[in-house]
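S.K.: just coords:
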């Protein structure tokens, strides 16, 4: 066990310990009297002392000491009761610590690092020693440290934490890594050096285990192109898997919306725990391995032996029990697995208690015998209980669903007459039993081999799948059994059996409906194997239409995507219509996840896996090719269509056979075999076009010499450009793929998929960013680096609203299928938070109500299409005015900001296209782009006049903007002068308008306080001379103000500043802003004054305000002052998350 480092002073006088192993920094010692030899008299003496001493004072016989050269002081860091125990600690130090210590310059630094590392290991062991249940008190302390150190909102859920070292250059920093729902954090404080890191999971582009000369094993985390290495974990694999799960959860929830369901077991980010992550990962692996429906979860696991009757021996493995299935997978290399639907179980018996055995009987007089089950009685009770829950009449009826040719399909018989009840191959190419053609004879031999296999291994649900099963699949499945075995291997047979009548009900709902998916399906129907006779008639076309439309209705997140028509066409050739539908469900939702959506993320992930396998298995090709992305692009269709689009149909179905048995692993193996077969030719290529030509010729040469299909079908599927000189049989090619690349394991492929998914999604996000920046850069004056940083802030603001919410509006509106500019958009609250952080004019001095009103108006102004969301282009164009606009542009923005939203007409108000998967109106987007191109520069003469209460708000905004500036008093006086001038001009204009042949009576200048709460309104409604309305702000005796008095608080109300007399000229709105009466312009927005009695509201044009302010140099200087963009961006980055508290 590891010990808290304690100082030990070695004295040469008393040799109580013998050094067994040593190096420059550590010694492994054995206490004399233990181990071999006993140590003679000295060992006997030490052993006697240890025996006489009390047991609590006994010393462990083995220990490890830390030493530094030229020092007599040693530190005890570990002890053990046996050589094996202490050797584990020694080996760990050798692998993880020794090479690290060479980077330190001083012995003190080495000792401090070792002590910190050992203390971290002790804490780590203490944390894990309590088992699955974390010590609440210890975890609470860690959670408080997490909140205090990183300043994240309290809603952020800490999942777990580990002791580790972070490498900054060549120097390790010992500390703790904290893994939370949305962030990965690290903190270290050693020798006065503090290291603090905070990364969000959505920023991580690479997460993988690595090793180097300096680092034995570490975890590499890549964020924004920068690598960070963490090492010296006590349990590195456990830490890595948890990090991988958290990263995958974050990107699936935030980026990959099409595949994330609100019914996801981890849908609530506020309730994620380490146990929940581990259970979810285990359930995913269980469903993926046994091809089970998504609702199945692993309930119990038992180690046992299964009696294999055809080999007459017991195979060791594990029993896995879910809600509706009993599964078994061998662990002794026999590659035997078994899936027993509990709806098929008819009996559970305990024949032999001495061998802890139980027998599970299924329909058809078959039974499976398990032995050496540790808790066999509990397992028997569990199976009985779950069987009773599955024995409803619905399941009983569906359980009779046969897969044999001589039995009638009950479920399909219950569907509508329009649904095809026969595979299209049986309709268009029925087999002649009297045909003695050599190919047909070979087909009969294949069928006989499978019948023998069924007799030995079982048929249908509950069939043993072994190496022999794979060998038969590799040789090719007979035409008559292809649909049945596809259903069995894919697990679609279970979906169909547990959902009786589902397909027919789906057709009733969707047929006749109209949607974008239906239009796309109609467009592609006649492109699906167009030269095959089955799809030259309405029979095949109608069946294809029904299956694709039903699936688009079932899964609107996927809807319909290209390549689905090609795959479904092949499925309909060999499976009945309802079976083809469930096969499509199995492929799209389980076997090829994320393949069939707008971004084909799953296919791109497998392309990255393919590149990785090329580097591992085809090194000669890797050395020759400078960029392997060529193979990703050229092989994309191979994966999307399972080679159907590049191989003749009679050869492609053999690939589909292997795919349904082995999953994507079979496609990867075949792709590697294709490259290996053409290795010599590819190495001689000079460019990509030549390589494409070589591969196309190769695929043209692939044949299936054993195919019983008519020649017309084979020729229709193969290109007829030229005849290849040498043909390649598909069976030989598949056999070579399994022999040469069969060592690729399913677990390895799944691990590579998870590792590359982060990279693929972040690459797509990078493409989106570059396209957005390229479009937006033409309209703004920000530099490229500033624009990129602002985009990251905008995108991060979108995610912040999603971090702690189950159903965030921003998350629901995020649609990767939309154009680049509309993929990330902010609602009003998110816009307000970010806009306030980036405001260049004293953003923190506004009153809460005024600030909220301003940001709300800015949002409406930026939201050009009035859809309630602001995209990055709208946001950055608004910000560009404030940062880089001219004085006129900034003033016009403030002017429009205070107009009522309904009075603004900038010429681009339009209805946004309907959002949602499959509902994007492309014509509407084209119209928007055309309007954008034709948009004319707005003329200031077209702006409406600003009304009375709006002008009050504009004046208050100007005072707030100037607050805290070094020229604050001059700016206040300038605004007061402009306000006075504008009011006088308005008064003169009103007098001229009132002059008429019949002069109307004038309004009395006496106004009571009850009817004139706003001094501006009282001024506008009085008949007093303009010269008496407002004293000169520059006069030292004007009004009640004094130049030396402090400026007013912009947040104060008029009633709090000075008492007002109805006849006093000092109550005018144009009094000096530094006096007590100047706060009249700070009337709160929520309480505008009543209109004056006897007169209409006055208003100003933008030209009047602009002309007046241009005469004030202080105001012009303020607005034309250069904005420190980088400082504002840095401030926003630091406070963006903190402001969400």
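M.R.: Sure, I can see it. A quick note: this is a predicted structure, and the numbers were derived from the prediction, not measured. Numbering: from 1, shown residues only.

S.K.: okay, CA-based contacts and neighbour counts for the rest of this
M.R.: Fine.

S.K.: Could you give the average pLDDT over stretch 654-666?
M.R.: Per-residue pLDDT values over stretch 654-666 give a mean of 95.

S.K.: So for it, what gets flagged as buried?
M.R.: Within stretch 654-666, the residues scored as buried using 16 or more other CA atoms under 10 Å are 654-666.

S.K.: Inside helices: which ones of those residues?
M.R.: For the buried residues of stretch 654-666, membership in helices holds for 654, 655, 656, 657, 658, 659, 660, 661, 662, 664, 665, 666, with DSSP state H as the criterion.

S.K.: Mind picking the one among these that's closest to residue 360?
M.R.: When those are compared for distance to residue 360 (CA to CA), residue 661 wins out at 25.3 Å.

S.K.: how far away is the closest one from residue 471?
M.R.: Taking CA to CA, to the nearest Å as the measure, residue 661 falls 11 Å from residue 471.

S.K.: what about residue 74, which SS state?
M.R.: Classification of residue 74 by DSSP: H, G, I helix; E, B strand; the rest coil places it in strand.

S.K.: so it sits right up against residue 66, yeah?
M.R.: Yes: with contacts counted by CA atoms under 8 Å, residue 74 reaches residue 66, the gap being 5.7 Å.

S.K.: list the contacts for the residue nearest to the spatial centre of the chain?
M.R.: Centroid-nearest residue in the chain: residue 251, 1.0 Å away (criterion: CA atoms, centre = their mean). For residue 251, the contacting residues are 201, 202, 758, 761, by CA atoms under 8 Å, 6 or more residues apart in numbering.

S.K.: can we see that at 10 Å?
M.R.: By CA atoms under 10 Å, 6 or more residues apart in numbering, the residues touching residue 251 are 182, 201, 202, 203, 204, 257, 260, 757, 758, 761, 762.

S.K.: can you check residue 83 too?
M.R.: Contact criterion CA under 10 Å, 6+ apart gives 28, 29, 30, 35, 61, 62, 63 as the residues in contact with residue 83.

S.K.: So the first one lies in a helix, does it not?
M.R.: No: checked against three-state DSSP, residue 28 lies outside a helix; its state is strand.

S.K.: buried set for stretch 599-610?
M.R.: For stretch 599-610, a neighbour-count test (16+ other CA under 10 Å) marks 599, 601, 602, 603, 604, 605, 606, 607, 608, 609, 610 as buried.

S.K.: pretty sure the first one contacts residue 763?
M.R.: When you say that, I think you mean residue 599. No: counting by CA atoms under 10 Å, residue 599 does not reach residue 763; the two are 11.7 Å apart.

S.K.: what's the helix ranked longest in the chain packed up against?
M.R.: Residue-count comparison of every helix in the chain, with assignments taken from DSSP H, identifies helix 746-776 as the longest. Applying 3 or more CA pairs under 10 Å, 6 or more residues apart in numbering; DSSP states H and E, one finds that helix 746-776 makes contact with strand 204-210, helix 236-254, helix 274-290, helix 601-617, helix 664-677, helix 784-803, helix 872-884.

S.K.: Make CSV from these and add distance to residue 385 to it.
M.R.: Formatted as CSV, these follow (distance: least, CA to CA, whole Å):
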stretch, distance to residue 385
strand 204-210, 43
helix 236-254, 33
helix 274-290, 21
helix 601-617, 38
helix 664-677, 36
helix 784-803, 40
helix 872-884, 56
